[in-house]
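Engineer: Predicted structure and sequence below. I'll ask about it afterward.
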Amino acid sequence: MLKIAPSLLAADWLDLRASIRLAEEAGADWLHVDVMDGHFVPNLSMGPDVAKAVVSATHLPVEVHLMIEKPERHLASFLAAKPRAISVHAESTYHLHRAVQQIQVGGCQAGIALNPATPWETIKPMLPLIDYVLIMTVNPGFGGQPFIEAVLPKIASLRQYLQEKGLDLPIWVDGGVGLPNVEKLRTAGANILITGSAFFRSEDKTVFVQQMKGSL
Ligand code: DX5
Ligand code: ZN
């Protein structure tokens, strides 16, 4: 079954605890924390202290999505926040393997995030070494952008390759994800759907999560 990870970028920042409760009560599986540096992406967002506060305020596993240049400079601070998983962008560092290693040695699951224009084949040698792939279906930096349909074949082709190689790697998808595209994502072979605006704008969040998971 698909898993759902609400993105706190679309939460009420003045009352994050209440937004976290909404996600928990709705049956979410993860919480997604977006970190932006104003360099890798043209926006700024949360840092390690907020990630730490979120981890301390929930029983859900927390995934930290680092949209920052040279993420290895900040990995120690994010590892100290004790999330369950951290993803780094393939495009954000010269030393992707080192960053992945640092995350895993720090006791976290390591994911590699890919911008819409980056082919998954770029990270082929890394696939046996990582814990998940996070495929962006918008250009990272902002919530509320439209889903880029053209990324769907990339998800399907990655899923097919993983199957051929017997690699049991979850594919996360991030950006513009909601009810209009959930079926296509399921068919393409996605496993965990990150949803910001669609989740926090939905009237009945429990129903939304069930609909997304296909159990309603
Ligand atoms: C975009 C972020 C996403 C964002 C998704 O750069 O990585 O996680 O919060 O938000 P929606 O679901 O509104 O596209
Ligand atoms: Zn994200």
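Structural biologist: Cool, the structure landed. Ligands and ions are numbered 1, 2, ... in the order given.
Engineer: Helices along this protein, start to end?
Structural biologist: 16-26, 48-56, 75-80, 96-105, 152-165, 182-188, 197-201, 205-213 (DSSP state H).
Engineer: Throw the ones you listed into JSON lines and include mean neighbour count and distance to residue 39, thanks.
Structural biologist: Glycine gets a C-beta too; all of them are placed from N, C-alpha and C. Shown next, in JSON lines, are those (neighbours: other C-beta atoms under 10 Å; distance: least, C-beta to C-beta, whole Å):
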{"stretch": "helix 16-26", "mean neighbour count": "17", "distance to residue 39": "25"}
{"stretch": "helix 48-56", "mean neighbour count": "18", "distance to residue 39": "17"}
{"stretch": "helix 75-80", "mean neighbour count": "17", "distance to residue 39": "16"}
{"stretch": "helix 96-105", "mean neighbour count": "18", "distance to residue 39": "16"}
{"stretch": "helix 152-165", "mean neighbour count": "16", "distance to residue 39": "25"}
{"stretch": "helix 182-188", "mean neighbour count": "17", "distance to residue 39": "29"}
{"stretch": "helix 197-201", "mean neighbour count": "20", "distance to residue 39": "24"}
{"stretch": "helix 205-213", "mean neighbour count": "19", "distance to residue 39": "33"}
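Engineer: quick one, which of the ones you listed is nearest to ligand 1?
Structural biologist: helix 197-201 (3.3 Å; C-beta to the nearest ligand atom).
Engineer: that older thread, now render the helices of the chain as CSV, adding mean pLDDT.
Structural biologist: Converted to CSV, the helices of the chain look like this (pLDDT from 0 to 100):
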stretch, mean pLDDT
helix 16-26, 98
helix 48-56, 98
helix 75-80, 98
helix 96-105, 98
helix 152-165, 98
helix 182-188, 98
helix 197-201, 98
helix 205-213, 98
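Engineer: Perfect, I'm done here.
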